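**Q** coords please:
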Amino acid sequence: MGKLADEIANTVSFGIGRKNRADDAPVDHPLFDDPAWDAVPAKHRKALHDKARNQLGTVGSGNHYVDLFADETGTLWVGVHFGSRGFGHTVASNFIALGQGKSWGERAPETEILLPLEQPVGHDYWHLMNLAGRYAYAGREWVARKVVSILGGRELELVHNHHNFAWKEIHDGEELVVVRKGATPAFPGQKGFIGGSMGDDAVIVQGAASNDPAIAETQRQALFSTVHGAGRVMSRTAAAGKRHRKSGRVLSPGRVTPEMMQSWVKEKGVILRGGGLDEAPQVYRRLPEVLAAQGNTIEVLHTLRPLIVVMAGADEFDPYKD
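**A** Residues are numbered from 1 along each chain as shown. Coordinates of the predicted model:
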């Protein structure tokens, strides 16, 4: 099992850049020919296009991971968590600037910006955001299938959804733009994956299809949404402490030690590669409690026990980790 963890870590690129030894990420995916690219100013378009191609199939750092699980029947599941990488970060950052009257490429304070979809800036952002969503799908599918091939396995099912994204949906007869920050859709019958931490179970769920009016009303009020993960109980700095950027001197100690993290994952029987103290199990809520708070709006189809967790190393630099 340790050799398998090493092979995953050596095949998939974690952190900034693309170093996949297999070098077969789908860089010729149709998304690279999408007309939405025209919304990027011409003098910046090639650089962003090249960045997106180079990073497709990379996982990133922070809370991004590749996990191998076993469900209650012993069936193996590959779980991955990452998004649109530097492409999505660049798009979001530049439209924050455009929304403040600046030009593409100018730095701007990070703040909430409302972009009317009927205006050119909103129209362009919407299409590039959706393109970034397709990009995230393509990257996650490639990584998951790469791990399946390393296992010598066969794909039986693919459960795929977004979080931190926006959808146009009809609710109570009105078309709305639903922004799910830290949440994911859970319409009746829609399946989803909810992760815990590197030392906790994850689950496959689906939105409940209930005849109970109370459950249906709760789902309606939540715009048919559920959580995408367990959620943190302490910040990254509180967990890992703070060090001087140049000297490495400890400025303030963290609340989690390497011994605490390793003890937890060892007791769980998890083989861990990478992972910093800011991602230790102690910094997350326990997923069963979070799921219980969802009531009967979702059904748990499978409980997934982690066998292998692979993440970027604690000191791996990645500007797109959030």
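
**Q** okay, now the sheet partners of the longest strand seen in the chain, with direction.
**A** The strand spanning the most residues in the chain, taking DSSP state E as the definition, is strand 298-311. Neighbouring strands of strand 298-311 in its sheet, by DSSP bridges, are strand 65-70 (antiparallel), strand 202-207 (antiparallel), strand 271-273 (parallel).

**Q** among these, which is the most enclosed?
**A** Scoring the strands paired with strand 298-311 by mean neighbour count under mean count of other Cβ atoms under 10 Å gives strand 65-70 as the most buried, with a mean of 23. For every residue, glycine as well, the C-beta is placed using N, CA and C.

**Q** and the longest strand of the chain, what's buried?
**A** If you call a residue buried by 16 or more other Cβ atoms under 10 Å, then strand 298-311 has these buried ones: I298, E299, H302, L304, R305, P306, L307, I308, V309, V310, M311.

**Q** tell me where this structure has helices.
**A** 2-11, 42-55, 85-98, 120-151, 213-221, 236-240, 258-268, 287-292 (DSSP state H).

**Q** geometric centre of the chain: which residue is closest?
**A** By Cα atoms, centre = their mean, the chain has its centre lying nearest to F82, at 3.4 Å.

**Q** what's the separation between the closest residue to that residue other than its chain neighbours and D124?
**A** Distances taken as Cβ to Cβ, 6 or more residues apart in numbering put H64 closest to F82, at 4.1 Å, once the chain neighbours are dropped. As for H64, its distance to D124 is 27 Å (criterion: Cβ to Cβ, to the nearest Å).

**Q** what do you get for H302?
**A** Separation of H302 from D124 (Cβ to Cβ) stands at 40 Å.

**Q** show me what stretch 283-291 is in contact with.
**A** Judged by Cβ atoms under 8 Å, 6 or more residues apart in numbering, the contacts made with stretch 283-291 from elsewhere in the structure are 194-197, 200-203, 205, 227, 229-234, 236, 238-239, 256, 298, 300.

**Q** low-confidence regions, the chain specifically.
**A** Applying pLDDT under 70 to the chain flags the ranges 16-22, 315-322.

**Q** if we go to 80?
**A** Per-residue confidence of the chain (counting by pLDDT under 80) places the weak regions at 15-23, 243-251, 314-322.

**Q** sorry, back to before: for G189, which of the strands paired with strand 298-311 is the nearest?
**A** strand 202-207 (5.9 Å; Cβ to Cβ).

**Q** the inter-axis angle of the closest one versus helix 213-221?
**A** Between the axis of strand 202-207 and that of helix 213-221 there is an angle of 100 degrees, by axes from the mean of the first three to the mean of the last three Cα atoms, to 10 degrees.

**Q** touching strand 202-207 from outside, list them.
**A** Contact partners of strand 202-207, identified using Cβ under 8 Å, 6+ apart, comprise 67, 69, 71, 77, 79, 159, 185-196, 219, 224, 226, 287, 291, 297-304, 306.

**Q** Y65 and S103: what is the separation?
**A** Computed with Cβ to Cβ, the distance linking Y65 and S103 is 36 Å.

**Q** now the helices of the chain in JSON lines, with mean neighbour count and distance to E112?
**A** Compiled in JSON lines, these are given as follows (neighbours: other Cβ atoms under 10 Å; distance: least, Cβ to Cβ, whole Å):
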{"stretch": "helix 2-11", "mean neighbour count": "15", "distance to E112": "37"}
{"stretch": "helix 42-55", "mean neighbour count": "15", "distance to E112": "23"}
{"stretch": "helix 85-98", "mean neighbour count": "21", "distance to E112": "9"}
{"stretch": "helix 120-151", "mean neighbour count": "19", "distance to E112": "14"}
{"stretch": "helix 213-221", "mean neighbour count": "14", "distance to E112": "23"}
{"stretch": "helix 236-240", "mean neighbour count": "18", "distance to E112": "22"}
{"stretch": "helix 258-268", "mean neighbour count": "15", "distance to E112": "34"}
{"stretch": "helix 287-292", "mean neighbour count": "15", "distance to E112": "26"}
